[in-house]
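# model this:
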Amino acid sequence: MRYSDGAYKPAPGYRFHRAAEVYEIQEMDTGVRLFVPCVPVRGLGDTSYGPAITVELTAPRRDVIEVRAYHYNGKDEKGPFFTLHTEDFVPEITREEDTLTVQSGRLKAVVTTRGAYTLSFYYDGRFLTRSGENSLSLITDVDYEADKWCDLNHRPALPCHHTQNSMQQALFVSIGEELYGLGERFTPLVRNGQQLDIWNRDSGTGYDHSYKSVPFYLSSRGYGVLVNTPGYVSFEVASESVRNVVFHVESETLSYLVTGGEDPKDALSHYTELTGRSPVPPAWSFGLWLSTSWQTDYSVDVVREMFRKMKEYEIPLSVFHYDAGWMKPYHLCDFQWDRAITGDPEAMLRELKQDGTRICVWINPYVSQLSRLYDEGKKNGYLVKTKDGAVWQNDFWVTGMALVDFTNPAAADWYARRLGEVLDMGVDVIKTDFAERIPTEVVWYDGSDPGKMHNYYTYLYNRTIFNLIRERKGERNAMVFARSATAGSQIFPVHWGGDNTATYESMAESLRGGLSFCQSGFGFWAHDIGGFSSTATPDLYKRWAAFGLLSTHSRLHGETTYRVPWAFDEEACRVLSFFTRLKASLMPYLFAGAVDVNRRGWPLMRAMMLEFPEDLNCRHLDRQYMLGDSLLVAPVFSETGEVTFYVPEDGGLWTDLLSGKTYRGGAWYTQTYDYFSLPLLVRPDTLLPRGCGDNGPEYDYADGVTLHLYEIRDGSMRVAEIFDNDLKVTRTATVSRSGEKLYVQVTGRGRWQLMWHGHGCRSGQAEKSEQAIGGTLLRFADGVTKAEILENAMEEERSERV
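The predicted structure follows:
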């Protein structure tokens, strides 16, 4: 929302009161407080009227600085509030003649204390951004000046207006600076020039709305900004003012936190330290998910036939999902199987799970008036109420639906206990759909601000279900499959991208949304393969299958038709099998990357600019991405099979994982691909572990692993760690190169082999079957067809193929 009309006047009906000059400085135990009147103080008369803004600078943890600016603070601020992971840390305050500096680790804020108020941020002395002159404002309605003439003993001639007061901050955008994030957004990846609202909406992937609004943006200059409220925030990203990011809150208090870093990925790491890092999802979740779809036949015979044909076509199935139709129509949600369709649900689940397939079922937080939960919830006060004390109800999704009040601990426990009955039957995971359509004209049990609860509700909803699954299924099986999110929701993985459509355009917008989401603190993301609405052509389905199975999580799901491959053509079955098995073979690499999400806060699926921040070609790329540190993926978005993609300069040749073809970096390429291929390039100087299993994501990744060494540089050392589902390191491989020699050290029991590729050394393979080789040396030279492996100074011949 725009509150100004160009440089010289506010929008009609508004008045700006801009922070002018620092008048007083107070040191606090946690930082510093600045009193900043909205007019320059040149005499005693200037102190007798008009507003002022108080600015507090603190550091909740190293490399993070919080700015809290407020007008009136006499009113206790209502929650909810984001959960921030703070440290016991006090910033260093330095006062000089004209400035005040707040130092938090390598990040510092510098305030001008003489002359116009400004606030600038630096990381290791490198300029990040600033609040310049007239950039921090209190906004009132146009009649605000009348307030100072209000006679407190009599009815004023003009009404006093305080309820509409709000706060606005503008932060400078440097020349060439690109901005990203703000949640899952389907608009162009670079946010510059966009007007975006932090207000969760259920509206599909083809609009500028978002299921997952996150008030955090990331800069190409290596910093991030979190506006610290779950409520509505309006962002004008170099749009209203082309020199600034302008953000606005409907409150007399504005809090934001700046996270610094060496580069955008480092700043994102500091942000996830602050807001929480994702747990590692269970290994089985990375396999293929198949859904009943929504408006289809869920009968036992249909489901059995799906399982039979998946086996017939040798397509490994990890998770089978029942969508909303597992419950009776008009009874959503009551957590009771529609036995007219499913028969004996416990017997059915035992049958479906006998080969290790997990079961997922759909829910949302709405309770139909016909649901058994409605009367229970109404009687016990577990449902959200209107201001007159009635149960809030609506007909938008299910007739007479109510909404569970998760601010009431007893309601959350009741809801979890009822849903737990379904888990006890054999269900493994829950799809937590919806939670965007949250009303504001209501009263919450704990007195929460309804405006803030609109976006924050999803956090409480998913926390309840995630904790339930962790309690019933164990720590290493805890996950949800969620659609909505807010800042911090990354601690309840996994999320998918909502209602897309069966077109190439929607496939591309889905990828944009996923990359944006993963630039906003989230590590894992999925999308409906083939599109949710309408039905894909066989061509689109096969292209989307490749893209979907090279995403972190992979689900086939639709609206009115099934997404089983035989519904499209025979080749679709072979394509789906090929990429499902390819992903399974990459699990040692992908699962190690998932552990890295938890350790470092970087997304597993990431925009090119995160991995190559200095390469200007990567800044705008939104049709390709990095899957982990070392794999470049460029999906096919056309019926011709033609793809134009960019290969960054990284000191060596990139290698196509599927064909072996090499590409020089720093160049664009246009290639044509069949349905069993796409640009899937391995970064130079990579040690890529690939497992011996391809029949699903669950197996011993260490035993039989092949360590693929690509274009290792002279003097380089590469390390690959292999984990099991309990996150224990089961094998560590270290390979270094010195001239024409490779030094290899592998720990952990079981079979392994090393295969090296590239111009720096001859391609070849060496094998070892037992314990690690400590200090192993591989020698090779042009024309030599055998490699010598020296172990404990004893020469042993090993097989090698060139």
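
# What is the longest helix of the chain by residue count?
helix 450-473 (DSSP state H).

# which strands and helices sit next to it?
Helices and strands touching helix 450-473, by 3 or more Cβ pairs under 8 Å, 6 or more residues apart in numbering; DSSP states H and E, are helix 409-425, strand 429-432, strand 480-482. Any C-beta I mention is one placed from the backbone N, CA and C, and that applies to glycine too.

# most packed of these?
Most buried of the helices and strands packed on helix 450-473 by mean neighbour count (mean count of other Cβ atoms under 10 Å) is strand 480-482; its value is a mean of 25.

# quick one: contacts of it?
Outside strand 480-482, the residues that touch it by Cβ atoms under 8 Å, 6 or more residues apart in numbering are 289, 321, 360, 429-433, 458, 462, 465-466, 469, 489, 492-496, 526, 555.

# okay, the residue found closest to residue 80 once you drop the neighbours it is linked to in the chain: pLDDT?
In this structure, residue 80 finds its nearest non-sequential neighbour in residue 456, 4.6 Å apart by Cβ to Cβ, 6 or more residues apart in numbering. The model reports residue 456 with a pLDDT of 98.

# which ones are touching residue 456?
Contacts of residue 456 (Cβ under 8 Å, 6+ apart): 80, 230, 448, 486.

# cutoff 10 Å now
79-82, 200, 229-231, 406-407, 438, 448-449, 486-489 (Cβ atoms under 10 Å, 6 or more residues apart in numbering).

# Of those, just the buried ones, PyMOL syntax please.
Of the contacts of residue 456, the buried ones can be selected in PyMOL as follows, counting by 16 or more other Cβ atoms under 10 Å:
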select buried, resi 80+82+200+229+230+231+406+407+438+448+449+486+487+488+489
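
# What average pLDDT does whichever strand or helix holds residue 507 get?
Applying DSSP states H and E as the criterion places residue 507 in helix 504-518. Averaged across helix 504-518, pLDDT comes to 98.

# what about that helix, distance to the chain center?
12 Å (Cα atoms, centre = their mean, to the nearest Å).

# Buried ones in that helix, by neighbour count?
504, 506-518.

# can you check stretch 229-249 too?
Buried residues in stretch 229-249 (16+ other Cβ under 10 Å): 229-241, 244-249.

# likewise stretch 171-183?
In stretch 171-183, counting by 16+ other Cβ under 10 Å, buried: 171, 172, 173, 177, 178, 179, 180, 181, 182, 183.

# That stretch: how far from the chain's middle?
Using Cα atoms, centre = their mean, the offset of stretch 171-183 from its chain centre is 18 Å.

# heads up, I number from 43, so please use that
From this message on, residue numbering opens at 43, which makes the last subject stretch 213-225.

# returning to what we had before: can you tell me how far the residue nearest to residue 122 is from residue 244?
16 Å (Cβ to Cβ, to the nearest Å).

# and if you look at residue 53?
Residue 53 is 29 Å from residue 244, by Cβ to Cβ.

# Pick out whichever of those two has more residues nearby.
residue 244 (18 against 15; other Cβ atoms under 10 Å).

# In contact with the residue nearest to residue 60 when sequence neighbours are not counted, which residues?
Of all residues not flanking residue 60 in the chain, residue 176 sits nearest, at 4.4 Å (Cβ to Cβ, 6+ apart). Counting by Cβ under 10 Å, 6+ apart, residue 176 makes contact with 58, 60, 61, 62, 80, 158, 159, 160, 212.

# OK, contacts around the first one?
Read it as residue 58. Neighbours of residue 58 in contact, by Cβ under 10 Å, 6+ apart: 45, 46, 51, 52, 80, 176, 179, 180, 181, 182, 210.

# Would you confirm that residue 452 contacts residue 446?
No - contact criterion Cβ atoms under 10 Å: residue 452 and residue 446 do not qualify, at 11.2 Å.

# any shared contact partners between the two?
What both residue 452 and residue 446 touch, as defined by Cβ under 10 Å, 6+ apart, is the set residue 424.

# Straight-line length of stretch 778-794, end to end?
Stretch 778-794 has an end-to-end distance of 17 Å (Cα to Cα, to the nearest Å).

# What average pLDDT does it get?
On average, stretch 778-794 scores 90.

# And that stretch, what's buried?
For stretch 778-794, the neighbour count (16+ other Cβ under 10 Å) marks 778, 779, 784, 786, 788, 789, 790, 792, 794 as buried.

# Mind checking which of those land in strands?
778, 779, 784, 786, 788, 789, 794 (DSSP state E).

# From those residues, pick the one nearest residue 581.
Lowest distance from residue 581 to those (Cβ to Cβ) belongs to residue 794, with 39.8 Å.

# I'd guessed that closest one sits against residue 773; true?
Yes - Residue 794 lies in contact with residue 773 (Cβ under 10 Å); the separation is 7.2 Å.

# what touches both of the two?
In contact with both residue 794 and residue 773: 731, 744, 745, 747, 749, 764, 788, 814, using Cβ under 10 Å, 6+ apart.
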